[in-house]
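# Sequence first, then the predicted structure:
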Amino acid sequence: MPGAIVGILLAAGRGSRFGSDKLRHPLADGTPLAVAAARHFYPACERRLAVLHPGSEALASLLAAEGYETVICPDADAGMGHSLAAGVRASTEAAAWLVALADMPFILPSSHQAVAARLRAGASLAASEFNGRRGHPVGFAREWLAQLSTLTGDQGGKTILQAHRDRLQLCPVADPGVLRDIDRPDDLE
């Protein structure tokens with residue numbers, strides 16, 4: 001696969017169920033949740049973008065310090081589809097996109113790299129899998145550019161994955177972190 005895989009870290013959610021700024025909430029070691037997710041995601045891609053909602057300058061600074069370009073999505077409150085589309089439109093030269101969520105800080109770097117490797121080997125769609133359940137990250141080859149760049153709503157790339165299950169290559173990993181997102185404070189326990 002010629003060209004770079006662009007990593008898109010979706011960090012534009014408001015975290016309303018968490019009750020505070022979830023993505024800057026410190027984990028047990030003091031690392032902000034989104035920074036931990038960004039660090040684990042970093043090695044898998046040649047270029048990295050973090051998609052944020054307007055007014056998230058503090059988070060943008062933290063992620064820029066980790067080597068991420070930031071993309072502000074003015075429509076972020078309308079759903080994850082808008083955020084993913086903004087990231088794809090900011091990287092239309094990509095050979096593929098690997099998409100991770102900033103509220104999933106426990107995914108191991110090796111799981112991100114496994115999905116990226118599947119994209120590099122020619123997969124059209126790829127995702128991690130743990131104990132028979134599809135997880136994150138998910139990957140999309142360049143052929144999905146038009147559909148990804150026009151996504152709306154709250155489903156993100158899920159609609160593409162569901163409509164084209166026959167093209168989805170799952171990457172089994174021994175990593176429960178691929179299923180563990182943080183929505184509420186008790187999810188950190």
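Done, it's in.

# buried ones in stretch 155-162?
Under the neighbour-count criterion of 16 or more other Cβ atoms under 10 Å, stretch 155-162 has G156, G157, K158, I160, L161 buried. C-beta coordinates here come from the backbone N, C-alpha and C atoms, glycine included.

# which residues sit in contact with the second one?
Contacts of G157 were listed using Cβ atoms under 8 Å, 6 or more residues apart in numbering, and they are L84, V99, V138, F140, W144, L148, L151.

# Phi, psi for A4 please.
phi -100, psi 150 (degrees, to the nearest 10).

# same deal with the one 3 residues further on?
Backbone torsions of G7, given as degrees, to the nearest 10, read phi -90, psi 130.

# Spatially, and excluding backbone neighbours, which residue is closest to it.
The spatially closest residue to G7, leaving aside those adjacent along the chain, is C45, at 3.3 Å (Cβ to Cβ, 6 or more residues apart in numbering).

# Next, count neighbours for the closest residue to H53 other than its chain neighbours.
Spatially, and ignoring its direct neighbours in sequence, H53 is nearest to A76 (3.8 Å; Cβ to Cβ, 6+ apart). The burial count assigned to A76 is 21, neighbours taken as other Cβ atoms under 10 Å.

# Please apply the same query to A4.
By other Cβ under 10 Å, the residues close to A4 number 14.

# Please tell me how far it sits from V71.
Distance of A4 to V71, given as Cβ to Cβ, to the nearest Å: 16 Å.

# Just the buried residues of the longest helix along the chain, please?
Determined from DSSP state H, the single longest helix within the chain is helix 109-120. Buried residues in helix 109-120, counted by 16+ other Cβ under 10 Å: S111, H112, Q113, A114, V115, A116, A117, R118, L119.

# And the contacts of it?
1, 5, 7, 40-45, 96, 98, 100, 126-128, 135, 137-139, 141, 169, 171, 173, 175, 177-178.
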